[in-house]
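In: Coordinates for the following, if possible.
(chains A and B)
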Amino acid sequence: MIQLKPWYEFDGKVFRFKFGVENSAASREAAQTCKQFSPDDEDEQIDDTLVSCYNCMNRRWLIDGVECIQFK
Amino acid sequence: MNNEQLKSWLICIDDTDDIGTKGTGEIAQEIAEILSDGEHESSSFITRHQLYVHPDIPYTSHNSAMCFQLQTYKSLETIKQLTVAHLLEQSAAASDPGLAILDCDSEFDREALIRFGLEAKEQVKTKQDAYDLALRLGICLSEHGGTGQGVIGALAGIGLRLYGRDGRVKGQVDLGQELYEEGVELTVKEALTRSGLDIVVDLSGQQLKITEVLHLTRKVKAVYCQHQFALLVYRHEGRWCNALKRQLKEY
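Out: This next block holds a predicted model:
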């Protein structure tokens, strides 16, 4: 998961996407580099471009952000 | 000939999946098909209702419930039996499924149920909250594995469906738009006839006239608003275009 380091940071609890929940461009860039990207059900996707962390099965929505659960 | 009365029900399930397993929406679709297999029986589109995401709430990745309306001759006992059997068969091992069934013709405190649904989008609710309300309103609420935490979302999903202004419709609307790179142009009337949807609305909730022309491309999704199944559109470069996913997210 080293390739995702520019987009995610550990906040003490989870690996959080640095760019919030409205930055599709960054979400797509991150997903393009990720070997673990796997699309969630179409009903759960929120970005019109498929390959985007916001659409990934391995993202988890938080109150104020999104985490990647692939980081361990 | 069936001597039973054709009745209307709202059915909602929640917390049936895990990462990489069959989604709750797909399981809801299968249940809807099983329950509406008789002559003159039918099920509506399924709506997906977003609930609160909070560290105190154990959800897989998005915390949403799936709800549909059913018209059937089947009794509550049969509905529940068939639904539970399918839930037990299809739910993920690590899931906490909940099921809520509402007899739409029964007397119940509609406002209390809607309030519960709206609160479950912004607050942490407990299983006890859900069971207490279900008991008071006479709603069939049950859990089927794990912690049974899904009862909260299942009850909330019914409240949100009754609210009439929440939820995206499961699946995509196929009006032939994906066959052509440039999409298709249809009047509102044609789009509604072909899709089975009720209305076309813009982002402010204004209904479009049936003579208006829509420019539909790629993925087309519907939402539930004004107590109807609606195709959401926005004005772009002088044309009515199907909503983008980020616009649908509001639902």
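In: any idea how far the spatially most central residue of chain A lies from residue B:77?
Out: Taking CA atoms, centre = their mean, the centroid of chain A lies closest to residue A:53, which sits 3.2 Å from it. Shown here: residue A:53 relative to residue B:77, a distance of 45 Å by CB to CB, to the nearest Å. Using the backbone N, CA and C atoms, a C-beta is placed for each residue, glycine as well.
In: now do residue B:148
Out: 20 Å.
In: For residue A:30, pull up the helix or strand it's in.
Out: helix A:24-33 (DSSP states H and E).
In: Just the buried residues of that helix, please?
Out: Neighbour-count burial for helix A:24-33 flags A:24, A:26-31 (criterion: 16 or more other CB atoms under 10 Å in any protein chain shown).
In: Contacts only, for the residue in chain A that chain B sits nearest to.
Out: For chain A, the residue closest to chain B is residue A:41, as judged by CB to the nearest CB, at 4.1 Å. Applying CB atoms under 8 Å, 6 or more residues apart in numbering or on different chains, we find residue A:41 in contact with B:23, B:25-26.
In: again, 10 Å this time
Out: A:55, A:57, B:17, B:22-26, B:48, B:61-62, B:64, B:170-171 (CB atoms under 10 Å, 6 or more residues apart in numbering or on different chains).
In: Pick out the most distant pair among those residues.
Out: The widest separation within these, taken as CB to CB, falls between B:61 and B:171 and amounts to 19.1 Å.
In: So those two - more neighbours on which side?
Out: Between residue B:61 and residue B:171, counted using other CB atoms under 10 Å in any protein chain shown, the more crowded position is residue B:61 (21 against 17).
In: The residue positioned nearest the centre of chain B and chain A, how far apart?
Out: Centroid-nearest residue in chain B, with CA atoms, centre = their mean: residue B:47, separated by 1.8 Å. For residue B:47, the distance to chain A (CB to the nearest CB, to the nearest Å) stands at 10 Å.
In: Can you give the domain ranges for chain B?
Out: Chain B is divided into the following domains under automatic domain parsing: B:7-168, B:172-248.
In: Of those domains, which is nearest residue A:68?
Out: When the domains of chain B are compared by CB to CB, domain B:7-168 sits nearest residue A:68, at 10.7 Å.
In: Show the pLDDT at the residue nearest to the centre of chain A.
Out: For residue A:53, the model assigns a pLDDT of 97.
In: After the host helix or strand of residue B:11, which helix or strand is next?
Out: For residue B:11, the host element (DSSP H and E) is strand B:7-14. Along the chain past strand B:7-14, the next helix or strand (assigned with DSSP H and E) turns out to be helix B:24-35.
In: Would you give the sheet partners of the next helix-or-strand element following that following helix, along with the direction of each?
Out: Once helix B:24-35 ends, the next helix or strand along the chain (criterion: DSSP H and E) is strand B:42-43. Its sheet considered, strand B:42-43 pairs with strand B:64-72 (antiparallel) by DSSP bridges.
In: What is the burial count for the residue nearest to residue B:137 when sequence neighbours are not counted?
Out: For residue B:137, ignoring the flanking residues on the chain, the nearest one in space by CB to CB, 6 or more residues apart in numbering or on different chains is residue B:108 at 4.4 Å. Using other CB under 10 Å, residue B:108 is surrounded by 17 other residues.
In: Next up, the contacts around residue B:108.
Out: Residue B:108 touches B:102, B:134, B:136-139, B:162, counting by CB under 10 Å, 6+ apart.
In: Then residue B:87?
Out: Contacts of residue B:87 (CB under 10 Å, 6+ apart): B:13, B:16, B:27-28, B:30-31, B:95, B:97-99, B:142-145, B:150.
In: Do you know the pLDDT at whichever residue of chain B sits closest to chain A?
Out: Nearest residue of chain B to chain A, counting by CB to the nearest CB: residue B:23, 4.1 Å away. Listed pLDDT for residue B:23 reads 91.
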